[in-house]
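*Asks:* quick one, what's the 3D model for this:
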Amino acid sequence: MNKGYLIPEDKLKNFMSNAAMNNQYGIVLYATPDPQRARELLPHPLELHDASNPLAYAYIVNIRDPTFAPWYMEGGIGILARYGQHTGIYFLGLMLSGPGAMMGVFSGRETAGLPKKLCERIVVQRTGDEGHCFIERNGVRLLDVRVAIGAYNDPSFHQQPEGCSPDKPVITGGGCLQHMLQMGTSELVNLKMLYYSSPSRYYSWEPATADCKLASSLDDRWGELPIKKILGAGWMVSDNWVDGLTPIYDYPKEEIPSAMSRLLPGRYDRCTFEHPHQCYE
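*Replies:* Below you'll find the model as predicted:
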């Protein structure tokens, strides 16, 4: 179908309009990370949401009905952080695969500053009361989660979507703390921190006991966040959408290098700042 190169101007208002990741199917996992390491991985001025009781968050899902792309698989790992009145997940990295993954990566990185990369394999597998989900990039299984449906690891752990159903969905608030930057003539400039408001609507939620393994590759250092205790997981179906994107902090020039040392690994591989960097196979 040839519609020409130009996008008609009356269509521009539809670009990423009401962007939503609908009909997500897979797992969400909560855990207690090593407090010192979690704090070290956050760029200034972010702080742990609770310094004495930090929280790590991970998910692996099939996004079956995104509004801006064909279906794709997505997963990531982050830390619950805060800046001023804003609390949200600071993602160390997000991985995408599948038919809609490229548009998911480009739209997420270019319009919202999410630290997304393409990977070769994400699996969300459920058989009866057992599930197995994992993310692989460059031959390394970065996140590997096995779950048994029925109860959380920690009996005292609870989540808001419990008891939801397709007839009585539960809407939860939530958001992310992320960063946008520009490349100047010879250095990174105009670094901003944004609050990405992103509620979810849950249609099902099954508590689960989880076993989780993290690993690092040369390019993706997910294993740098040691997990001390898994609180629990949920096998769920949900919609997730973008409710707003608000700049909340402009980095002074002198703070940019320290922040970028933490932000680059989630966005770029080592080949972008290491020479030589060839790989023949």
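*Asks:* now stretch 55-66: buried residues?
*Replies:* Leu55, Ala56, Tyr57, Ala58, Tyr59, Ile60, Val61, Asn62, Ile63, Arg64, Pro66 (16 or more other CB atoms under 10 Å). C-beta: built from backbone N, CA, C; applies to glycine.
*Asks:* which of those lies closest to Lys3?
*Replies:* Ranked by distance to Lys3 (CB to CB), the buried residues of stretch 55-66 are led by Pro66 at 21.7 Å.
*Asks:* pretty sure that closest one contacts Asn18?
*Replies:* No - Pro66 is not in contact with Asn18 according to CB atoms under 8 Å; the separation is 11.5 Å.
*Asks:* so can I have TSV of the buried residues of stretch 55-66 showing pLDDT?
*Replies:* Formatted as TSV, these follow (pLDDT from 0 to 100):
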residue	pLDDT
Leu55	98
Ala56	98
Tyr57	98
Ala58	98
Tyr59	98
Ile60	98
Val61	98
Asn62	98
Ile63	98
Arg64	98
Pro66	97
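*Asks:* those residues in strands, which ones?
*Replies:* Ala56, Tyr57, Ala58, Tyr59, Ile60, Val61, Asn62, Ile63, Arg64, Pro66 (DSSP state E).
*Asks:* OK, contacts around the first one?
*Replies:* Looking back up the chat, that one is Ala56. Ala56 makes contact with Tyr30, Ala31, Thr32, Pro33, Ala38, Ile77, Gly78, Ile79, Leu80, Leu225, Ile227, according to CB atoms under 8 Å, 6 or more residues apart in numbering.
*Asks:* the same query, at a cut-off of 7 Å, please.
*Replies:* Contacts for Ala56 (CB atoms under 7 Å, 6 or more residues apart in numbering) come out as Ala31, Thr32, Pro33, Ile77, Ile79, Leu225, Ile227.
*Asks:* where does Leu264 sit, in terms of helix or strand?
*Replies:* Counting by DSSP states H and E, the element that carries Leu264 is helix 256-267.
*Asks:* contacts made by that helix with the rest, please.
*Replies:* Helix 256-267 has contacts (CB under 7 Å, 6+ apart) with Leu41, Pro43, His44, Phe91, Leu92, Gly93, Pro115, His179, Leu188, Leu191, Arg221, Tyr251.
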